[in-house]
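Chemist: whatever this is, show me its structure:
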Amino acid sequence: MGCNVFSDPVRLVYCGCDLAVGILTTIQRVGRGGNASGTHDLDVRGAAAQLFALTNLDRTSNGRRALLPDDRLSTMATSRAEDMIARDYFSHQIPPSGITVVDLAAATETPQAVAAIADIPGPVYLRLKRGEIPVIFPEDHRLSLGRAQILIGGPGQRADRGEGKAAGDGNESKVALIATGMMVAPALAAATVLQANDVATAVVNVPVIKPLDTNTVLAVATAAKVVITAENHTVVGGLGSAVAEAMAEAALPRPLHRIGLADTFAEGAQTAPYLVQKYGLTTQHLIQAAWSALDRPGNPPPAQTLPADEGEYAPV
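Modeler: This is a model prediction of the structure:
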């Protein structure tokens with residue numbers, strides 16, 4: 001008996017976009033693409049059918065129910081894949097044909113993001129967290145898509161979170177926490193604990209992962225002994241990889257530790273704290289990484305647990 005997971009219209013949109021990427025990946029792997037006239041119908045539909053068959057083969061071989069075909073999903077995914085091919089989705093050229101990747105850290109930035117990305121030439125991927133979004137910044141905070149923001153620049157020195165702090169303003173740090181998206185809140189919480197235990201810490205909010213603000217990232221990394229990146233994303237091909245590339249090209253000899261998902265297919269769950277703990281994205285994981293990288297004796301200090309009502313999500 002099949003299992004139709006695409007009955008909800010909202011979920012259908014998410015699944016359609018995910019399947020479109022899967023279709024493109026399938027096309028690349030089997031070596032098929034658009035022809036010279038720019039038509040992709042046969043290739044896209046063939047790849048979609050192959051992807052669907054392979055997905056069900058994997059599900060049934062692992063004792064799971066097969067997915068039922070869904071015409072709405074197939075039509076949406078095929079159309080989306082064709083549009084992504086036409087726009088050269090996988091290009092790394094910015095602008096005009098590449099993609100800008102934006103990952104917001106707080107609710108304050110959300111209403112500003114749409115207006116800001118309207119002025120960016122080329123496609124933009126805007127990542128928004130579903131569910132509760134922390135309020136980190138004050139109401140007068142201004143989102144910048146051109147530069148990363150140094151939120152904490154040294155022991156006891158917290159930058160103005162409304163505008164960020166110019167690179168190089170803070171004292172030398174032992175640890176640089178470079179975070180994006182929902183990991184900015186845990187990074188700030190980890191910095192509070194580390195600084196209370198005499199570990200000078202800098203925290204950088206990176207709202208735009210591609211193209212990366214290498215000037216700010218390198219300035220903070222240069223002033224630190226250890227660099228730790230934090231992202232709600234696989235450590236392969238995300239913020240950690242981008243920072244590693246920037247440091248390598250600048251010949252900057254600093255230990256780099258990447259906090260994020262391992263190279264695995266992440267599962268879902270009804271409660272966010274379970275997933276955050278399972279995949280190592282908690283404040284305590286950041287503290288542990290810093291403590292270990294600095295070779296500090298004894299156990300790392302514990303992170304503070306924020307109270308949350310049942311059904312709510314405390315991001316740190």
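Chemist: the spatially closest residue to His233 that is not a sequence neighbour - how many residues pack around it?
Modeler: Distances taken as CB to CB, 6 or more residues apart in numbering place Gly260 nearest to His233, at 5.5 Å, with adjacent residues excluded. C-betas here are computed from N, CA, C, even on glycine. Counted by other CB atoms under 10 Å, the residues lying close to Gly260 total 22.
Chemist: next, Gly260: secondary structure please.
Modeler: Under DSSP: H, G, I helix; E, B strand; the rest coil, the three-state class of Gly260 is strand.
Chemist: so where's the stretch 1-150 of the chain uncertain?
Modeler: 1-48, 51, 72-74, 76-78, 80-97, 130-133 (pLDDT under 70).
Chemist: strands of this structure, start to end?
Modeler: 100-103, 124-127, 149-154, 157-158, 175-179, 201-205, 208-210, 226-234, 256-261 (DSSP state E).
Chemist: which one of these lies nearest to His285?
Modeler: For His285, the closest of the strands of the chain is strand 256-261, at 6.1 Å, according to CB to CB.
Chemist: what residues does the closest one touch?
Modeler: Residues external to strand 256-261 that are found in contact with it (CB atoms under 8 Å, 6 or more residues apart in numbering): 183, 226-235, 238-241, 243-244, 247, 279-281, 285-286, 289, 293.
Chemist: write the ChimeraX selection for whichever of the residues you listed are buried.
Modeler: Here is the ChimeraX selection string for the buried members of the contacts of strand 256-261, based on 16 or more other CB atoms under 10 Å:
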select :183,226,227,228,229,230,231,232,233,234,235,238,239,240,241,243,247,279,280,281,285,286,289,293
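Chemist: in TSV, list the strands of the chain along with distance to Thr60.
Modeler: Formatted as TSV, those follow (distance: least, CB to CB, whole Å):
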stretch	distance to Thr60
strand 100-103	35
strand 124-127	32
strand 149-154	48
strand 157-158	54
strand 175-179	40
strand 201-205	44
strand 208-210	37
strand 226-234	26
strand 256-261	26
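Chemist: which of these has the lowest average pLDDT?
Modeler: The minimum mean pLDDT among the strands of the chain belongs to strand 157-158 (a mean of 46).
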